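Asks: Curious how this folds, go ahead:
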Amino acid sequence: MQGYSIYQLSDPRDGKPRYVGLSSDVFSRFARHILSQEENAKAKWIDELKQAGLLPLLQVLEENIPTIDEARCKEREWIQRLRATGAQLTNVAGTISLTGILPIANVAGVSQEPLCTLERLRAMRGTLGLSQEALSRRTRSLSARTIRNAEAGQRVTFDTAHQILEAINNIHREVGRPPITIDDLGLTLS
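Replies: Residues are numbered from 1 along each chain as shown. Predicted structure coming up:
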């Protein structure tokens with residue numbers, strides 16, 4: 001299985017991660033980083049290393065990720081995880097158009113940090129303190145398995161998406177939060 005890989009570039013002087021990326025061919029992508037003529041923090045860091053006779057250390061963090069959407073989410077998770085440990089990554093924050101990460105709408109109680117589409121429903125459910133089972137009970141006829149499948153990015157019908165939306169908006173009304181739209185859920189419609 002080919003798929004996609006998540007990798008990090010680290011500074012050989014201190015071993016600290018400086019960049020996280022994704023690629024279907026990590027070694028070719030590494031070569032493009034080294035040969036790049038870009039004008040950004042990552043390229044400046046690599047140029048500094050090259051002037052000192054060094055190259056970044058390449059480490060594959062995850063591999064064989066089947067879809068680009070899943071790989072983009074995994075890349076974002078690694079960036080967030082490493083930044084949480086204090087890593088000074090050169091990844092550009094807010095590269096929405098380049099990474100496929102979509103900003104979540106202004107939904108009260110949900111972080112405004114861009115989320116992968118697959119993370120939106122889970123994040124909303126979490127801010128409401130609901131399990132998948134509890135959310136399914138608030139719908140007209142959906143099972144917890146259907147909620148789980150929707151959160152995993154599986155295609156759902158418009159009726160399924162509408163039931164989830166209706167249940168979340170009912171809860172929002174109960175707790176005084178503004179309603180959301182179907183787009184805010186980040187579901188994959190069939």
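Asks: Quick one: name whatever helix or strand follows the helix or strand where residue 31 lies.
Replies: Using DSSP states H and E, residue 31 maps to helix 26-35. Reading on from helix 26-35 to the C-terminus, the next helix or strand found by DSSP H and E is helix 41-51.
Asks: Packing partners of that following helix?
Replies: Helices and strands touching helix 41-51, by 3 or more C-beta pairs under 8 Å, 6 or more residues apart in numbering; DSSP states H and E, are strand 17-23, helix 26-35. Glycine gets a C-beta too; all of them are placed from N, C-alpha and C.
Asks: quick one: contacts of it?
Replies: For helix 41-51, contacts defined as C-beta atoms under 8 Å, 6 or more residues apart in numbering pick out 9, 11-12, 18-19, 33-34, 36-37, 55-56, 90-92.
Asks: That helix vs helix 26-35, what angle?
Replies: Our comparison of helix 41-51 with helix 26-35, counting by axes from the mean of the first three to the mean of the last three C-alpha atoms, to 10 degrees, yields an angle of 80 degrees.
Asks: got the buried residues for helix 41-51?
Replies: Neighbour counts over helix 41-51 (16 or more other C-beta atoms under 10 Å) mark 42, 45-46, 49 as buried.
Asks: where along the chain do the strands fall?
Replies: Secondary structure of the chain by DSSP state E: the strands cover 4-10, 17-23, 57-65.
Asks: Where does pLDDT dip in this protein?
Replies: 1, 93-118 (pLDDT under 70).
Asks: run the last query once more with 90
Replies: Across the chain, the ranges flagged by pLDDT under 90 are 1-3, 36-40, 65-81, 83-85, 91-129, 149-156, 177, 180-190.
Asks: mind giving me the domain split of it?
Replies: The chain breaks down into these domains under automatic domain parsing: 4-99, 117-185.
Asks: Just send the strands of the chain back as TSV, with mean neighbour count and distance to residue 72 too.
Replies: Below are those laid out as TSV (neighbours: other C-beta atoms under 10 Å; distance: least, C-beta to C-beta, whole Å):
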stretch	mean neighbour count	distance to residue 72
strand 4-10	22	9
strand 17-23	22	7
strand 57-65	15	9
